[in-house]
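> sequence first, predicted model second:
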Amino acid sequence: MTDDAWERRIAAAWASIDEYDDDAFRAVVDDLAAELPAGHPVAAFERACAFDSTGRPDLAEPLYREALAGELPGERRRRAVIQLASTVRNLGRPGESVELLIAEQGRGSDHLDDAVSCVLALALTDAGREREAVSVAVGALARHLPRYQRSMAAYARALV
């Protein structure tokens with residue numbers, strides 16, 4: 001389990017990412033992750049995020065999988081699925097990304113729904129399913145429009 005002080009420190013590290021070069025930032029996150037017990041899923045998740053954010057999705061992927069296998073708690077679990085799906089898409093496996101995200105949509109709804117939809121739209125595009133991608137994007141956007149929500153949601157459904 002992480003404590004509030006550790007959570008504040010990892011949040012501060014992420015807030016200052018632009019102050020570091022890639023290797024230095026990964027070292028900051030790695031040092032914080034090392035404070036957690038060996039095999040802690042949050043440590044794997046934070047390390048994965050650091051690799052992903054510094055252009056190393058190949059090293060992030062196994063850490064996301066480790067974090068998810070370790071029963072990652074709370075919001076981090078959904079973020080790990082979204083980020084893993086984005087990573088595998090970037091590694092040339094959009095079909096796997098689509099599968100992960102569709103499964104995630106079935107797990108419930110929260111404030112990260114639009115992030116799921118956004119990455120799903122990108123993955124569908126990469127998988128050659130552009131009409132579905134536009135449908136997902138328009139459907140997600142429709143909820144935020146000040147007007148035309150019903151018609152845009154209907155147009156999104158009509159695309160597929």
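Structure received. Note that this is a predicted model, so its numbers are computed, not measured.
> CA atoms for contacts and neighbours, from now on please.
Noted.
> tell me the secondary structure at residue 120.
helix (DSSP: H, G, I helix; E, B strand; the rest coil).
> ok, now which ones touch it?
By CA atoms under 8 Å, 6 or more residues apart in numbering, the contact set of residue 120 is 97-98, 101-102, 133, 136.
> now what about the longest helix anywhere in the chain, what contacts it?
The single longest helix within the chain, with elements called by DSSP state H, is helix 75-90. Contact with helix 75-90 is made by 42, 45, 49, 52, 57-58, 60-61, 64-65, 67-68, 71, 94-98, 100-101, 104, 112, 115-116, 119, 123, 126, as judged by CA under 8 Å, 6+ apart.
> most surrounded residue in the contacts of residue 120?
When the contacts of residue 120 are compared by neighbour count (other CA atoms under 10 Å), residue 97 ends up highest, at 28 neighbours.
> pLDDT value on that residue, please?
With respect to pLDDT, residue 97 scores 98.
> buried residues, the helix-or-strand element of the chain with minimal mean pLDDT. List them.
In the chain, the helix or strand scored least confidently by mean pLDDT, DSSP states H and E is helix 149-158, which has a mean of 91. Across helix 149-158, burial judged by 16 or more other CA atoms under 10 Å covers 149, 152-153, 155-156.
> picking up where we left off before, can I have the buried ones of the contacts of helix 75-90 as a PyMOL selection?
In PyMOL syntax, the buried subset of those is picked out as below (16+ other CA under 10 Å):
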select buried, resi 42+45+49+52+57+60+61+64+65+67+68+94+95+96+97+98+100+101+104+116+119+123+126
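> now do the same end-to-end measure for stretch 45-60.
The straight-line separation of the ends of stretch 45-60 (CA to CA, to the nearest Å) is 9 Å.
> following the longest helix of the chain, which helix or strand comes up?
helix 94-105 (DSSP states H and E).
> which other helices and strands contact that next one?
helix 75-90, helix 113-126 (3 or more CA pairs under 8 Å, 6 or more residues apart in numbering; DSSP states H and E).
> and after the shortest one, which helix or strand comes next?
Pointing back at helix 113-126 there. helix 130-142.
> now that following helix: average pLDDT?
Helix 130-142 comes out at a mean pLDDT of 95.
> buried residues of that helix, list them for me.
Applying 16+ other CA under 10 Å to helix 130-142 flags 130-142 as buried.
> for stretch 103-118, same thing?
By 16+ other CA under 10 Å, the buried positions in stretch 103-118 come out as 104, 114, 116-118.
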